[in-house]
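Colleague: kindly generate the corresponding structure for this input.
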Amino acid sequence: MRRVLFFSGAGAVLIMLSLLAGGVMASDEARERIEESLTSQIPGLTVHSVSETELEGFYEVRTDRDTIYMTADGRYALLGDILRFDEAGVVNLSEQGRSRERADAMAAVSSEDMISFAPEGEVRAVVNVFTDIDCGYCRQLHRDIDAYNDLGIQINYLAFPRGGPGTPGYTKAVSAWCADDRQDAMTRAKMGESIPEKSCEHPVDDQFALGREVGVSGTPALVLEDGRMVPGLRPPQQLAQLLELQAE
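Modeller: Residues are numbered from 1 along each chain as shown. Okay, here's the model as predicted:
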C-alpha cells in the first residue's frame, strides 16, 4: 500500500516557497497514479485536476476538499499555499489559482438569477455580493447602494442565507427572489420591513451551495471580476480604491 505523507507548518512553507504553479495539465499516467493513491487513502474524494508545477516531479492537485501538492508517484503530499517571494513582495500563487476558479464559477451564473443594482450611467466595475438579508453589515452595504452606483459600481446580489434552508433568513431570501419587483423587495427587506412570503422556482439553494464552494464563510462576501474574494463590508470609496477606479 502506498504511503501518503502530509507535511504542514513551517517546514512545509519553506519547501513550498520554491514551488510555482505551472498550470500545465499532467500526463494521463501521472494523473491516474496520483488519483489512485489519493482515493485509496481517502474514500469519496474527487480529484478535479492535476497540473504540473515548476518543481520537477511535483503536481498541483485540486480536489473537492482542498488543493494539495503531490509527487508523481503519489507517495508524498504537501498541504498549504504556494508562496512566491519577489521584488513586489509575497505572492500567494495558490490564491491566484482559486481566484481563477472562482471567476469561472461566477461567470457561469445567469444574470437573471441575481438581483442587480446598476449605475444609470457607465458601469465601471461589477461586484458580486453573497448576502444575507438579516446580516447587519449587509444592510449597511445596501444603505450605500446609491453611492456605489454613483461611482460606477454595479452590485449583483446572490443569496447566502447563513443559517441555510429552513431558516427565517432563507424564507426571506426566497420571497425576495420570487417577488414581482425583486429590487424593491430586497430593499424593503434589508430595511427591516416585512415582505410578502412567496415561493417559486428560485436560485437560492444553488447560490447558497455556490457560496460554500467558492469559500464564503460570512456575509457580505464580495467577489470581484477577477475572482478575488473580499470578505466583509467595504464602504463605497474604499471599494472604489480597491477596484482601482480613478476619480472622475
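Colleague: pretty sure Glu32 is in a helix, no?
Modeller: Yes: read with DSSP: H, G, I helix; E, B strand; the rest coil, Glu32 is one of the residues of a helix.
Colleague: check whether Arg62 sits in a helix, strand or coil.
Modeller: If you use three-state DSSP, then Arg62 falls in the strand class.
Colleague: how much space separates it from Ile34?
Modeller: For Arg62, the distance to Ile34 under the criterion Cβ to Cβ, to the nearest Å works out to 11 Å. All C-beta spots, glycine's among them, are computed from the backbone N, C-alpha and C.
Colleague: who's more crowded, those two?
Modeller: Using other Cβ atoms under 10 Å, the more surrounded residue of Arg62 and Ile34 is Ile34, with 24 against 18.
Colleague: contacts only, for that one.
Modeller: Ala26, Val47, Val50, Tyr59, Val61, Met70, Ala72, Gly74 (Cβ atoms under 8 Å, 6 or more residues apart in numbering).
Colleague: if we go to 7 Å?
Modeller: When contacts are counted by Cβ atoms under 7 Å, 6 or more residues apart in numbering, Ile34 is found next to Val50, Tyr59, Val61, Met70, Gly74.
Colleague: do Pro196 as well
Modeller: Ser175.
Colleague: mind checking which helix or strand it is in?
Modeller: When elements are defined using DSSP states H and E, Pro196 is found to belong to no helix and no strand.
Colleague: run a quick neighbour tally on Gly121.
Modeller: 10.
Colleague: ignore what I typed, I meant Phe130.
Modeller: When neighbours are counted by other Cβ under 10 Å, Phe130 registers 27.
Colleague: A strand includes it, no?
Modeller: Yes: for Phe130, which was evaluated using three-state DSSP, the result is membership in a strand.
Colleague: tell me what it is bridged to.
Modeller: With DSSP bridges as the criterion, Phe130 is bridged to Leu158, Ala221.
Colleague: report pLDDT for it.
Modeller: Reading off the confidence values, Phe130 has pLDDT 98.
Colleague: what is the least confident helix or strand in this protein?
Modeller: The least trusted helix or strand in the chain, going by mean pLDDT, DSSP states H and E, turns out to be helix 10-16, with a mean of 39.
Colleague: contacts only, for the closest residue to Asp81 other than its chain neighbours.
Modeller: In space, and not counting its chain neighbours, Asp81 is closest to Ser94: 3.9 Å by Cβ to Cβ, 6 or more residues apart in numbering. Remark: with contacts taken as Cβ under 7 Å, 6+ apart, Ser94 is in contact with Thr67, Asp81, Ile82.
Colleague: got a markdown table for those residues, with secondary structure and neighbour count too?
Modeller: Shown next, in a markdown table, are the contacts of Ser94 (DSSP: H, G, I helix; E, B strand; the rest coil; neighbours: other Cβ atoms under 10 Å):
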| residue | secondary structure | neighbour count |
| --- | --- | --- |
| Thr67 | strand | 19 |
| Asp81 | coil | 17 |
| Ile82 | coil | 27 |
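Colleague: tell me how far the residue nearest to the spatial centre of the chain lies from Thr46.
Modeller: Most central in the chain under Cα atoms, centre = their mean is Val214, positioned 3.2 Å from the mean C-alpha point. Spatial separation of Val214 from Thr46 under the definition Cβ to Cβ is 16 Å.
Colleague: returning to that earlier point: out of the contacts of Ser94, which one sits closest to Gln183?
Modeller: For the contacts of Ser94, the residue nearest Gln183 by Cβ to Cβ is Thr67; the value is 37.5 Å.
Colleague: quick one, strands of this protein?
Modeller: Counting by DSSP state E, the chain has these strands, from start to end: 5-7, 21-25, 47-53, 58-63, 67-71, 76-79, 83-86, 89-92, 115-117, 125-131, 153-159, 221-223, 229-231.
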